[in-house]
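Asker: I would like to see how this sequence folds:
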Amino acid sequence: MSFGKWIAGGLGWAVFGPVGGIIGFLVGSAIEGSTAKKITGGQRREGPTTRGDFMVSLIVLTAAVMKADGVIKKGELEYVKEYFKRSFGAEAATDAIKMLRDVLKQEIPVADVARQIGSHLDNSSKLQLLHYLFGIAKSDGHTHRNEVEIIQLISNYMGVSSSDFTSIKSMFYSDMYVAYNILGLDKNATNDDVKKAYRKMAVEYHPDKVAYLGDDVQKSAKEKFQKINEAYKSIKKERGIA
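Answerer: Purely as a prediction, here's the structure:
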């Protein structure tokens with residue numbers, strides 16, 4: 001079934017409010033004029049959330065997460081296509097990707113969109129949606145902090161509890177605060193601050209400096225030195241520091 005038919009067959013609340021503002025110009029091209037007029041004009045249709053509603057919600061929030069780090073990656077598009085193919089079928093997935101490419105060109109009022117979507121989904125659906133969004137962020141092998149922040153914003157406005165969000169986040173993302181704490185920094189430190197902190201600690205905590213204290217002490221120093229290196233590598237990767 002094509003995506004246009006998904007919309008015609010069930011899209012209700014999602015074409016109104018901020019979500020409707022984003023996809024409105026696409027609906028007419030997805031379905032026949034008479035059906036589009038029936039769905040997008042007149043009074044708002046009331047009723048339960050449909051697969052069409054959920055699918056459009058996924059597309060809009062997918063675009064928000066993909067744009068978060070400023071780069072649209074091929075791996076993310078492939079992940080999204082495979083997810084839609086498994087969930088809705090190959091034909092609908094192809095149409096959904098076409099719509100996604102158009103939505104990616106638009107500005108997305110994330111808070112308003114997430115609030116609208118959250119008011120129509122049950123908690124289980126919200127959690128599934130968050131899991132999917134983290135999957136997009138992780139699809140290139142690294143979850144950027146901007147992606148985590150946008151997903152957290154979506155979660156907050158959808159009304160998901162902090163404990164549920166943290167639980168899902170932990171499946172995909174290692175908290176970078178640990179790395180910053182190891183280097184004695186906060187997340188707002190500049191790239192130069194990060195490099196300076198690392199160089200200073202690499203000298204201060206180098207295992208050779210405590211070799212005279214014996215093997216046990218040097219072993220402990222090596223473990224600490226390794227954690228410093230791992231923290232620095234994590235921050236470098238997160239920030240794209242050369």
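
Asker: For the nearest residue to H131 once chain neighbours are set aside, what is the enclosing helix or strand?
Answerer: The shortest distance from H131 to any non-neighbouring residue, by CB to CB, 6 or more residues apart in numbering, is to I168 (5.5 Å). For glycine as for every other residue, the C-beta is placed from the backbone atoms N, C-alpha and C. Using DSSP states H and E, I168 maps to helix 162-170.

Asker: so what secondary structure elements neighbour that helix?
Answerer: Helix 162-170 is packed against helix 123-138, helix 145-158, with contacts defined by 3 or more CB pairs under 8 Å, 6 or more residues apart in numbering; DSSP states H and E.

Asker: Summarise which helices and strands the helix or strand following that helix is packed against.
Answerer: As assigned by DSSP H and E, the chain's next helix or strand after helix 162-170 is helix 176-182. Under the contact definition 3+ CB pairs under 8 Å, 6+ apart, helix 176-182 sits against helix 215-239.

Asker: Okay, L130 and V56: tell me how far apart.
Answerer: Note on L130: its distance to V56, by CB to CB, to the nearest Å, is 17 Å.

Asker: Give me the more crowded residue out of the two.
Answerer: Comparing L130 with V56 by other CB atoms under 10 Å, the one with more neighbours is V56, at 28 against 23.

Asker: isn't the more buried one right up against I23?
Answerer: Yes - counting by CB atoms under 8 Å, I23 is a contact partner of V56 at 6.0 Å.

Asker: hang on, the earlier thing: let me see the contact set for the residue nearest to H131.
Answerer: Listed by CB atoms under 8 Å, 6 or more residues apart in numbering, the contact partners of I168 are L127, L130, H131, F134.

Asker: Please name the residues that touch the last one.
Answerer: In this case it means F134. Applying CB under 8 Å, 6+ apart, the residues near F134 are T143, I151, I168, K169, M171, F172, Y173.
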